[in-house]
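here is my input; please provide its structure:
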Amino acid sequence: MKRLINQRPGPVSTAALALLPFVVLALVYLLASDARLAENPNDKLLPSFTTLAESFVRLTSVPSQRTGEILLWQDTGASLRRLAQGVGISAAIGLILGVALGAIPLIRSGFAPFVAVLSLIPPMAVLPVLFIVFGLGEVSKVVLIIVGITPFIVRDLQQRVQELPRELIIKAQTLGANSWQIVLRVILPQVVPRLIDAVRLSLGTAWLFLISAEAIAATEGLGYRIFLVRRYLAMDVILPYVVWITILAYLTDFLLKQISRRAFPWYHNGEPGR
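Residues are numbered from 1 along each chain as shown. This next block holds a predicted model:
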């Protein structure tokens, strides 16, 4: 008898199994929405799919009477700009510190405990401090993302560097490479694809901090809009925004994965399906 652990679905079965949870979730929502609307046609908690579709079309095509701009695209642009700045700066800092901590024992002995302690501080707990120090503008929102995900990236890359085969370092030194050359030609090429993985893993956390900061102090952004309309129980706006954020997060993750596959095919040779 073939063991369950050894059974692999074919392409069609894989696609069907991937879609199944989404179909089930949509059916559960549909049934719950129909039940609530049957009792109260004006119920706002679970609007129908038709209402959600009409709201999404309005959000993506009808300009705001106050600003003259289309709200969804305005909010998306503001949030993506903040996210890109925060994640980009975090990735750069994480790469530099992660390689330094992993490759140079003197730096690791001096700063690794400090980074470990920083990674344990809840970023949301220091949000008021960030608002006091950096104000309520763009800087504090970007800094919150940096504070939230940089320690994770640093520690992940440090661990990756330390896991590199020691033979590579020894061979490079035997051939006369100095420390700088070892970092640039041996360690860095091995670590960059792992940096992309670390960024992908931290994207969900970065979105969480971004939405939280926008909800507290912002005049535009996806998080700002969601918390603005919550007082009116406008689920026909909130749910499309939540779905849109999910789509953006998925597309960002997919794009980073494709970049990694194309730039570092050797790194993905052991993945299933290749």
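
tell me the centre residue of this protein?
residue 203 (1.3 Å; C-alpha atoms, centre = their mean).

tell me the contacts of that one?
87, 249, 252, 253 (C-beta atoms under 8 Å, 6 or more residues apart in numbering). In short, each C-beta sits where N, CA and C put it, glycine included.

in ChimeraX, select just the buried ones from the residues you listed.
Buried residues within these, by 16 or more other C-beta atoms under 10 Å, are selected in ChimeraX with:
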select :87,252
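
from the contacts of residue 203, which land in strands?
Applying DSSP state E to the contacts of residue 203, no entry is found in strands.

low-confidence stretches in the stretch 151-274 of the chain?
Residue ranges of the stretch 151-274 of the chain with pLDDT under 70: 270-274.

can we see that at 50?
The stretch 151-274 of the chain contains residues with pLDDT under 50 at 273-274.

who's in contact with residue 263?
Residue 263 neighbours (C-beta under 8 Å, 6+ apart): residue 193.

would you map the helices across the stretch 151-274 of the chain?
166-174, 179-182, 188-216, 222-229, 235-263 (DSSP state H, counting those that start in this stretch).

list of residues touching the fourth one?
When you say that, I think you mean helix 222-229. 71, 75-76, 78-79, 210-215, 218, 237-238, 241-242, 244-245.

out of the helices of the stretch 151-274 of the chain, flag the one nearest residue 155.
helix 188-216 (9.3 Å; C-beta to C-beta).

tell me how far the closest one is from the chain's mean position?
5 Å (C-alpha atoms, centre = their mean, to the nearest Å).

what residues of the longest helix along the chain count as buried?
Using DSSP state H to define each element, the chain has its longest helix at helix 71-103. By neighbour count on 16+ other C-beta under 10 Å, the buried set for helix 71-103 is 71-72, 74-76, 78-79, 82-83, 85-87, 89-91, 93-95, 97-103.

for stretch 23-39, same thing?
Across stretch 23-39, burial judged by 16+ other C-beta under 10 Å covers 33, 36, 37.

so what touches it?
By C-beta under 8 Å, 6+ apart, stretch 23-39 touches 43, 45, 46, 47, 48, 49.

now do the phi/psi pair for the fifth one.
Note on residue 48: its backbone torsions stand at phi -70, psi 160 [degrees, to the nearest 10].

can you read off the pLDDT for it?
According to the prediction, residue 48 has pLDDT 87.

name the element the nearest residue to it once chain neighbours are set aside belongs to?
What sits nearest to residue 48 in space, not counting adjacent residues and going by C-beta to C-beta, 6 or more residues apart in numbering, is residue 33, at 5.6 Å. Assigned by DSSP states H and E, residue 33 falls within helix 11-39.

model confidence over that helix, on average?
pLDDT averaged over helix 11-39 gives 88.

quick check: what element follows it along the chain?
Assigned by DSSP H and E, the successor of helix 11-39 is helix 49-61.

got the CA positions of that next one in PDB?
Output of helix 49-61 as PDB, limited to C-alpha atoms (Å, rounded to 0.1, in the frame of the first residue of the first chain):
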ATOM      1  CA  PHE A  49     -21.100  39.700  -3.500                       C
ATOM      2  CA  THR A  50     -23.000  42.100  -5.800                       C
ATOM      3  CA  THR A  51     -22.700  44.900  -3.300                       C
ATOM      4  CA  LEU A  52     -19.000  44.200  -2.800                       C
ATOM      5  CA  ALA A  53     -18.400  44.200  -6.600                       C
ATOM      6  CA  GLU A  54     -20.300  47.500  -7.000                       C
ATOM      7  CA  SER A  55     -18.300  49.000  -4.200                       C
ATOM      8  CA  PHE A  56     -15.000  47.900  -5.700                       C
ATOM      9  CA  VAL A  57     -15.900  49.300  -9.100                       C
ATOM     10  CA  ARG A  58     -16.800  52.600  -7.400                       C
ATOM     11  CA  LEU A  59     -13.600  52.700  -5.400                       C
ATOM     12  CA  THR A  60     -11.500  52.100  -8.500                       C
ATOM     13  CA  SER A  61     -13.300  54.400 -10.900                       C
END
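
give me the angle between that helix and helix 11-39.
100 degrees (axes from the mean of the first three to the mean of the last three C-alpha atoms, to 10 degrees).
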